[in-house]
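1. 3D model of this:
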Amino acid sequence: MLFTSFQYLIFLPAIVLLYWILPAKWRLPMLLIASWGFYMSWIPAFILLIAPMTLFNWLWGKLLHKSEDKRKLIFGIGVAANLLCLGVFKYANFAVQSMDWVTKLVTHHNPEWVVNIILPLGISFFTFEFIHYLFEIYRGNKPIDSFVLFALFAAFFPTQIAGPIKRYPDFQAQMQTVKKISLDYFDEGVPLIIIGFAKKLLLADNLSVLVQMGLSDPSVYGAPELWVFAYAFAFQIYFDFSGYTDIARGSAMLFGYHIPINFNLPYIAANASDFWRRWHISLSSWLRDYLFIPLGGSRDGRWLTNRNLFITMALGGLWHGASWNFVVWGVYHGLLLIAHREYVAFAEGVEWLKRFAQTKVYNVLSIVLTFHAVVIGWVFFRMTDISAAFSVVKRMLFMHPIYTSVENHHFLVMKQELPVIVPVVLIMVGVLLLTNFPLSFFNEKGIFKKMPAPLKAAFCSILILAMVTFLPDDSKPFIYFQF
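-> Coordinates of the predicted model:
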């Protein structure tokens, strides 16, 4: 069931009510059953994947903790088993299609190999949580003794499908704490859920209309219009994913659980490195801790550091989806990170650049350039046709052609959509500022948290009214559900 579905609006309050009326010892088993039920609501057979993987990693973590002389081998087998599951279910189709393309290119024959494997929802996220768990056991942390606690760590329904990626020591401590119902949980969680709904339904889904109109047939539009479509997708994916995260964090808060913040105003990042400290924070920190650092991190000099960055981001791109456009997107961000490191090293030896870097003008220029570099990357992320994506980026960069060749039909479609798109974009900017400055109005020092209850209620009511007024005809699945 989608977070934005009517079923979820029934499911969530029912599980919250049941959770708080049950004796403490039954809450976690009930929450596990509810989480597995939530997962099975998509395709019941998916339980035949997540349950055995959960049991394997729970037992393997215990074995790894007890082992002494073969720890590295046991750890390697555990990680390889998780990656094998991810590879088969997520990348088998991609691998066969790629071999088909290479065979066609070399032999001029079309073998038409086909593998039809359904991608289980959330497999990328809970596989990364399993690998993180084995890493931490290998590094000396104690495993989770209770199967129920371990299974709930991976299956917890608010974060099950698209994260944020949790860290088990923190979540385990929360599960083992006996909670008492508190109005603070609802005072914080309910507005966060409403804002998440607004980001998704009011902003992302309405912007998707404009994005689909432009990037589904970009050849008929001029460069300025392509920039508008690319900007629209940049904000669509931000509001879509951060909206999901807000709903996930708000839903978890109703049970007394704190889920990590996943976004921190990524579009005011001053460089590529800063962007990845602000965007999808749980993934970028995972890639840093369990891929970049094990590869050698920045310990072995400039060239090896750049190599590690490149590999990390290329694999990070592939993690997002089994398609070459995601690999290109990851490689592109790897090159941006390398370019930033090389620039910083160069600027250290140029005195006037060091002085200029301390000015507000430099900071503004850095934010503008970084944002546009990220927007260009989103074109590769959005368009599965690599050659078409490169063509769009080329036209955007060289601003050619300036004028559109679009005919009257396209103008009529745009004219029909603009009365909705324009107010949505204005609301988008307001919600962005209200809900994400400086980090989140829901952090410990947040202004929203300190607002009087009537003011909070008024703000949430305005969002609900706006959603009802500008609700699109149908809600799209969250973009990150496909990963």
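
2. Can you show me the helices along the stretch 201-350 of the chain?
-> 205-215, 223-253, 272-278, 281-287, 293-295, 302-320, 324-347 (DSSP state H, counting those that start in this stretch).

3. Which one, of these, ends up nearest to A357?
-> Among the helices of the stretch 201-350 of the chain, helix 324-347 comes nearest to A357, with 6.7 Å by C-beta to C-beta. In this view, the C-beta of every residue, glycine as well, is placed from N, C-alpha and C.

4. Report the mean per-residue pLDDT for that closest one.
-> Model confidence over helix 324-347 averages 93 on the pLDDT scale.

5. Lowest average pLDDT across the helices of the stretch 201-350 of the chain?
-> Across the helices of the stretch 201-350 of the chain, helix 205-215 has the smallest mean pLDDT, namely a mean of 82.

6. Which strands or helices does it pack on?
-> When contacts are defined as 3 or more C-beta pairs under 8 Å, 6 or more residues apart in numbering; DSSP states H and E, helix 205-215 packs onto helix 223-253, helix 360-382, helix 408-436.

7. can you rerun that using 7 Å?
-> Applying 3 or more C-beta pairs under 7 Å, 6 or more residues apart in numbering; DSSP states H and E, one finds that helix 205-215 contacts helix 223-253, helix 408-436.

8. Would you mark the buried spots in the longest one?
-> The neighbour-count criterion (16 or more other C-beta atoms under 10 Å) identifies 223, 225-253 as the buried residues of helix 223-253.

9. Now stretch 252-260 - C-alpha only, PDB.
-> Taking Å, rounded to 0.1, in the frame of the first residue of the first chain, the C-alpha atoms of stretch 252-260 are listed here in PDB:
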ATOM      1  CA  ALA A 252       7.700   6.200  13.200                       C
ATOM      2  CA  MET A 253       7.400   9.000  15.700                       C
ATOM      3  CA  LEU A 254       3.800   7.900  16.500                       C
ATOM      4  CA  PHE A 255       5.400   4.800  18.000                       C
ATOM      5  CA  GLY A 256       8.100   6.800  19.800                       C
ATOM      6  CA  TYR A 257      10.800   6.000  17.300                       C
ATOM      7  CA  HIS A 258      13.300   8.600  15.900                       C
ATOM      8  CA  ILE A 259      14.400   8.000  12.300                       C
ATOM      9  CA  PRO A 260      17.400   9.800  10.900                       C
END
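
10. So that it lines up with my notes, have the first residue be 10 from now on.
-> In the new count, where the first residue is 10, that last one comes out as stretch 261-269.

11. Please spell out which residues along that stretch are buried.
-> So, applying 16+ other C-beta under 10 Å, buried residues of stretch 261-269: A261, M262, L263, F264, G265, Y266, I268, P269.

12. can you tell me how far the third one sits from A466?
-> With the distance defined as C-beta to C-beta, to the nearest Å, L263 ends up 17 Å from A466.

13. can you check the last one too?
-> Separation of P269 from A466 (C-beta to C-beta) stands at 27 Å.

14. for the chain, what are the low-confidence residue spans?
-> Within the chain, the segments meeting pLDDT under 70 span 103-128, 412-460, 477-492.

15. mind checking which of the helices of the stretch 210-359 of the chain is nearest V187?
-> Comparing the helices of the stretch 210-359 of the chain by C-beta to C-beta, helix 232-262 comes nearest, at 17.1 Å.

16. What is the burial count for L58?
-> 16 (other C-beta atoms under 10 Å).

17. and the helix or strand harbouring it, what other elements does it pack with?
-> Per DSSP states H and E: L58 is located in helix 56-75. If you count contacts as 3+ C-beta pairs under 7 Å, 6+ apart, helix 56-75 packs onto helix 33-49, helix 80-95, helix 132-147, helix 156-164.

18. okay, it in CSV with CA atoms only?
-> C-alpha atoms of helix 56-75 as CSV (Å, rounded to 0.1, in the frame of the first residue of the first chain):
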residue,chain,number,x,y,z
ILE,A,56,7.7,-12.6,2.3
LEU,A,57,9.5,-15.6,0.9
LEU,A,58,12.5,-13.3,0.3
ILE,A,59,12.6,-11.0,3.3
ALA,A,60,11.9,-13.6,5.9
PRO,A,61,14.7,-16.1,4.9
MET,A,62,17.2,-13.2,4.4
THR,A,63,16.3,-11.9,7.8
LEU,A,64,16.8,-15.4,9.4
PHE,A,65,20.1,-15.9,7.6
ASN,A,66,21.6,-12.6,8.6
TRP,A,67,20.4,-13.0,12.2
LEU,A,68,22.1,-16.5,12.5
TRP,A,69,25.1,-15.4,10.5
GLY,A,70,25.7,-12.4,12.7
LYS,A,71,25.7,-14.7,15.7
LEU,A,72,28.2,-17.0,14.0
LEU,A,73,30.4,-14.1,13.0
HIS,A,74,30.5,-12.8,16.6
LYS,A,75,31.5,-16.2,18.0
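
19. what's in contact with it?
-> Residues outside helix 56-75 that contact it (C-beta atoms under 7 Å, 6 or more residues apart in numbering) are 45, 48-49, 80, 83-84, 87, 90, 94, 129, 135, 139, 142-143, 146-147, 151-152, 156, 159-160, 163-164.

20. please redo it, this time with the cut-off set to 8 Å
-> Around helix 56-75, the neighbours that count as contacts under C-beta atoms under 8 Å, 6 or more residues apart in numbering are 45, 48-49, 80, 83-84, 86-87, 90-91, 94, 98, 129, 132, 135-136, 139, 142-143, 146-147, 151-153, 156, 159-160, 163-164.

21. residues of that helix that come out buried?
-> In helix 56-75, counting by 16+ other C-beta under 10 Å, buried: L58, I59, M62, T63, N66, W67, W69, G70, L72, L73.

22. Go through the residues you listed and name the one nearest I19.
-> Closest to I19, out of all of those and judged by C-beta to C-beta, is I59, at 23.1 Å.

23. Ignoring the adjacent residues along the chain, who's closest to the residue positioned nearest the centre of the chain?
-> The centroid of the chain falls nearest to H289 when counting by C-alpha atoms, centre = their mean (5.2 Å). Closest residue in space to H289, ignoring its immediate chain neighbours: N271 at 6.0 Å, by C-beta to C-beta, 6 or more residues apart in numbering.

24. Now for that neighbour: which residues touch it?
-> Contacts for N271 (C-beta under 8 Å, 6+ apart) come out as G172, P173, F250, S251, T254, H289, I290, S291.

25. Relative to R258, how far out is it?
-> Using C-beta to C-beta, N271 is found at 8 Å from R258.

26. Return every residue with contacts to both of these two.
-> In contact with both N271 and R258: P173, using C-beta under 8 Å, 6+ apart.

27. Stretch 283-296 spans what distance, first to last residue?
-> 15 Å (C-alpha to C-alpha, to the nearest Å).

28. What residues sit buried inside that stretch?
-> By neighbour count on 16+ other C-beta under 10 Å, the buried set for stretch 283-296 is 283-285, 287-296.

29. which two in those are spaced the farthest apart?
-> D283 and W295 (18.0 Å).
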